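S.K.: pasting the structure only:
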DNA sequence: GTCTATATCAGGATAGAC
DNA sequence: GTCTATCCTGATATAGAC
């Protein structure tokens, strides 16, 4: 995978992958500020010197991580847009994907959805403004234009469609829910679609 | 207001109120870890010594703040339960309250809903497990028992009812939405209720 | 590119006068 | 109860050998 100029992402090497993996786990388990460089050294088996050779500073690790994960999400959503034609099918597929991801890589979801990025990456836009979230809102907006979704304020419709699912994800990640989310997919999707269908 | 044993809350004095107010603003604007004691000293016009006289440590300030705000929310919700008889009216009133609060005291909502408390108050349960959230879920559960709400997994129903509104609150607090939330109350409520009504 | 050892400093917490 | 001055830990980041 190529380094892009805009995201200033570090080239993928075994060492950087180790560091990013360890950082993802530590940041989501303990929080960014409770994670020290020595913590990352221990968890990644990469020395302080090497870490600072690959990343400008601790913040750089977080930036790199965030950029990588946002990009992954973006391309997943683009695949969904390509694979499905209707707003109904696209939105359902997005929720199914997010539910699966929550079960298989909870740390990724935790970092993407529930970290306060602005607190440790100062010039970062809020996640809600990031491309993947825009894509989600567009899916709903397109559905409204096409007559699948009732006429209403677009962002309200998008919140109605995805709000319930995102809430379940938070409950699951916070340990309030013991059941794997995919079991609830049909139920929550029925609610979501009823709420905005014509 | 009395100090309760369990919450170990500090007695309310002018000085403590100053500190808590300043801390609320700073914690929500910059984050807990980006806020130093000297920052709180400046913003509250209370000296370091006085702060440590009233609070055990920095964490103690956060604990006190959290306990106070959770309690406020709890009693608001109890008032709503008393004032309305049906799940429909109760849940709508809760959303209306949260929307108003978001406009009038955004810092309070930010701190309650979107701070990662566990990162700075180690033994804290996630917000979703706190009394007010339990109250919200109970309102929906009662509605299901009473036949107002369709039969389904209770927590899924609750997520469907409140998920959209909570999503809008987040978008508003993150600056994605320029319109005051109360303008969207009818629209989102219609979605929420449609999603679970029998 | 990787490592160890270390410089530097911010900020949480305290001492002790008033 | 309030204040100022100060201590001291712990974490970031660097130097410089290999």
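M.R.: All right, it came through fine. Only a predicted model underlies this, so the values are computations on that prediction, with no experimental measurement involved. Numbering: from 1, shown residues only, chains lettered A, B, ... in the order given.

S.K.: Of all residues in chain A, which one is closest to DNA strand C?
M.R.: Residue of chain A nearest DNA strand C, by C-beta to the nearest atom of the strand: residue A:49 (2.0 Å). In this view, the C-beta of every residue, glycine as well, is placed from N, C-alpha and C.

S.K.: what sits against the residue nearest the centre of chain A?
M.R.: Residue closest to the mean C-alpha point of chain A, counted by C-alpha atoms, centre = their mean, is residue A:112 at 3.7 Å. Residues near residue A:112 by C-beta atoms under 8 Å, 6 or more residues apart in numbering or on different chains: A:69, A:70, A:73, A:127.

S.K.: Of the residues you listed, which is the nearest to residue B:16?
M.R.: Nearest to residue B:16 out of the contacts of residue A:112 is residue A:127 (C-beta to C-beta; 34.4 Å).

S.K.: residues contacting the closest one?
M.R.: Residue A:127 sits next to A:112, A:113, A:117, A:133, B:174 when contact means C-beta under 8 Å, 6+ apart.

S.K.: Quick one, which of those are buried?
M.R.: Neighbour-count burial (16 or more other C-beta atoms under 10 Å in any protein chain shown) is assigned, among the contacts of residue A:127, to A:112, A:113, A:117, A:133, B:174.

S.K.: Going by distance to residue B:57, which of those wins?
M.R.: So of the buried ones among the contacts of residue A:127, ranked by how close each gets to residue B:57 (C-beta to C-beta), first place is residue A:117, at 26.8 Å.

S.K.: mind showing which ranges of chain A have poor pLDDT?
M.R.: Along chain A, segments meeting pLDDT under 70 span A:1-9.

S.K.: Strands of chain A, start to end?
M.R.: Ranges of strands in chain A, per DSSP state E: none exist.

S.K.: which parts of it sit against DNA strand C?
M.R.: Near DNA strand C, the residues belonging to chain A are A:13, A:14, A:15, A:45, A:46, A:47, A:48, A:49, A:50, A:52, A:53, A:54 when assessed by C-beta under 7 Å from any atom of the strand.

S.K.: Please tell me which one of the residues you listed counts the most neighbours.
M.R.: Within these, neighbour counts (other C-beta atoms under 10 Å in any protein chain shown) peak at residue A:46, which reaches 20 neighbours.

S.K.: Let me see the contact set for residue A:21.
M.R.: By C-beta under 8 Å, 6+ apart, the residues touching residue A:21 are residue A:44.

S.K.: what separates it from residue B:119, distance-wise?
M.R.: According to C-beta to C-beta, to the nearest Å, residue A:21 stands 20 Å off from residue B:119.

S.K.: How about residue A:182?
M.R.: Distance from residue A:182 to residue B:119, by C-beta to C-beta: 29 Å.

S.K.: Compare these two (neighbour count), which wins?
M.R.: Under the neighbour definition other C-beta under 10 Å, residue A:182 and residue B:119 were set side by side, and residue B:119 has more, 19 against 12.

S.K.: Might you report the residue contacts of the closest residue to that one other than its chain neighbours?
M.R.: Leaving aside its sequence neighbours, residue B:119 sits nearest to residue A:31 (C-beta to C-beta, 6 or more residues apart in numbering or on different chains; 3.5 Å). Going by C-beta under 8 Å, 6+ apart, residue A:31 touches B:116, B:118, B:119, B:120.

S.K.: what's residue A:31 sitting at in phi/psi?
M.R.: Main-chain torsions, residue A:31, degrees, to the nearest 10: phi 100, psi 150.

S.K.: Just the ones of the contacts of residue A:112 in helices?
M.R.: Per DSSP state H, helices hold the following members of those: A:69, A:70, A:73.

S.K.: Tell me which residues touch the spatially closest residue to the last one that is not a sequence neighbour, please.
M.R.: In this structure, residue A:73 finds its nearest non-sequential neighbour in residue A:132, 4.3 Å apart by C-beta to C-beta, 6+ apart. By C-beta under 8 Å, 6+ apart, residue A:132 lies in contact with A:70, A:73, A:74, A:77.

S.K.: nearest to residue B:64, of these?
M.R.: Ranked by distance to residue B:64 (C-beta to C-beta), the contacts of residue A:132 are led by residue A:70 at 36.4 Å.

S.K.: would you list the contacts of residue A:112 in a markdown table and tack on distance to residue A:154?
M.R.: As requested, the contacts of residue A:112 are exported to a markdown table (distance: C-beta to C-beta, whole Å):
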| residue | distance to residue A:154 |
| --- | --- |
| A:69 | 26 |
| A:70 | 22 |
| A:73 | 21 |
| A:127 | 19 |
